[in-house]
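>>> Build me a model:
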Amino acid sequence: MIIAHICHRMDLTLRQKGGIAPLNQTLFMILVISLSCLIALCIGLLIRALIEPHLLDTDFETLPASGGCANTGESSALKVCFFSDLHAALCFIPEDKLIDAIFSSHCDAILFGGDVCNKGKATEAGLKRLSGIAARAEKLHIPCYAIRGNHDLRISREQYLASGFTLLENESVSLHTPAGREYLLIGLDDSGKKNRVWPEIRIANPAEHPVERRILLVHNPEYINAVKSREYRYQLSGHFHGGQIYLPFNLEYRLLRTESLAREGIRRGVFEKDGISGYISRGIGCVVFPLRLFSRPQITHITFPE
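Numbers count the residues shown, from 1 in each chain. Reported below is the predicted structural model:
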């Protein structure tokens, strides 16, 4: 109605200016309908963007082995539950719903990819959420590991330990399947966006840990392009939020992100690059605005090949 009123006034104005012919009625109606549809579309997208942060996806993925081989034996395959970018200040997933999703399927370890808070805000709330997850995991004897994201730089190792998650600061731990097969989890710290320093991977007794069973947990997926030496086979990351507002033609990545990996088209989900199989989580919470569009929060159960 507002658009029709505006267009009607435009028509009257044009009529009052001597010598200007009336607007073609067909074109006039096309204009009214087009503008009405555009406004309706924008309102619909806004409503969806307000709803999506409250909807949690539970996804299941199997990462390709070296050379693109499929996963083999179930008993010797490692299974982890991976989530990232909690951003507790703008997280709208109920704690019990998140916990139920994480424990909806068997896993050998729970991995958190960083950004528990929003630039230091809601740190306690974020760690409390991790505590709830770790408490359930402890009853099931499932280890929980975390790394820092670029929002977590002031969170200490002790704070993470108090939440029940072991913080990996450029160090590695062994993960085991029920059949006893060993994988090496390497957790790298994040140095933030300014004056970024990419840490090197240091592995004690590397001969004891084949590259084919090394998993890198690093917040920013850009790491794969930032370093020359890639002494690992799998990579788990977050940071990109799946776009958060996933615009047509990937405009979010083209206009707002500077990472070369995103510009290559590697932005979320499973990817393969230079012999590395990886996964980029869409995360759970939001930054800046409490909105998500075509990028619902997610936790992912990931199976690594034998």
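
>>> Helices of the stretch 101-250 of the chain, start to end?
Listed in chain order, the helices of the stretch 101-250 of the chain (DSSP state H, counting those that start in this stretch) span 123-139, 157-163, 223-226.

>>> where's the last one relative to the chain centroid, distance-wise?
Going back to what we said before, that points to helix 223-226. 17 Å (C-alpha atoms, centre = their mean, to the nearest Å).

>>> In it, which residues are buried?
For helix 223-226, the neighbour count (16 or more other C-beta atoms under 10 Å) marks 223-224 as buried. C-betas here are computed from N, CA, C, even on glycine.

>>> which outside residues touch it?
The contact list for helix 223-226 (C-beta atoms under 8 Å, 6 or more residues apart in numbering) reads 188, 198, 216, 230, 235, 237, 259-261, 273-274, 276, 278.

>>> got these as TSV, with distance to Arg148 columns?
Formatted as TSV, the contacts of helix 223-226 follow (distance: C-beta to C-beta, whole Å):
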residue	distance to Arg148
Leu188	9
Trp198	14
Leu216	15
Arg230	21
Gln235	16
Ser237	13
Glu259	18
Ser260	22
Leu261	20
Lys273	24
Asp274	26
Ile276	22
Gly278	19
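
>>> Of these - the most surrounded one?
In terms of neighbours by other C-beta atoms under 10 Å, these top out with Ser237 at 28 neighbours.

>>> Hmm, that one is touching Asp190, no?
No: with contacts counted by C-beta atoms under 8 Å, Ser237 stays clear of Asp190, the gap being 10.3 Å.

>>> any common contacting residues for the two?
When contacts are counted by C-beta under 8 Å, 6+ apart, Ser237 and Asp190 are jointly contacted by 218-220.

>>> Run through the neighbouring helices and strands of the strand or helix carrying Thr300.
Element membership of Thr300 [criterion: DSSP states H and E] is strand 298-304. If contacts are counted by 3 or more C-beta pairs under 8 Å, 6 or more residues apart in numbering; DSSP states H and E, strand 298-304 sits against strand 57-62, strand 78-83, helix 95-102.

>>> out of these, which comes closest to Gly132?
Gly132 lies closest to helix 95-102 among the helices and strands packed on strand 298-304, at 5.4 Å (C-beta to C-beta).

>>> could the helices and strands packed on strand 298-304 be laid out in a markdown table, adding mean neighbour count, mean pLDDT and distance to Tyr160?
Formatted as a markdown table, these follow (neighbours: other C-beta atoms under 10 Å; pLDDT from 0 to 100; distance: least, C-beta to C-beta, whole Å):
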| stretch | mean neighbour count | mean pLDDT | distance to Tyr160 |
| --- | --- | --- | --- |
| strand 57-62 | 14 | 97 | 24 |
| strand 78-83 | 23 | 97 | 15 |
| helix 95-102 | 16 | 97 | 17 |
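
>>> nearest to Leu168, of these?
Among the helices and strands packed on strand 298-304, strand 78-83 sits nearest to Leu168 (C-beta to C-beta), with 13.6 Å.

>>> and the angle for the closest one with strand 57-62?
Relative orientation of strand 78-83 and strand 57-62, computed by axes from the mean of the first three to the mean of the last three C-alpha atoms, to 10 degrees: 150 degrees.

>>> any weak-confidence spans in this structure?
Along the chain, segments meeting pLDDT under 70 span 1-24, 66-75, 192-195.

>>> all strands for it, in order.
Applying DSSP state E to the chain gives strands spanning 57-62, 78-83, 109-112, 144-146, 166-167, 171-176, 182-187, 214-217, 234-237, 269-273, 276-280, 298-304.

>>> will you turn those strands into CSV that also has distance to Gly126?
Formatted as CSV, the strands of the chain follow (distance: least, C-beta to C-beta, whole Å):
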stretch, distance to Gly126
strand 57-62, 20
strand 78-83, 12
strand 109-112, 10
strand 144-146, 11
strand 166-167, 13
strand 171-176, 22
strand 182-187, 18
strand 214-217, 18
strand 234-237, 19
strand 269-273, 24
strand 276-280, 20
strand 298-304, 15
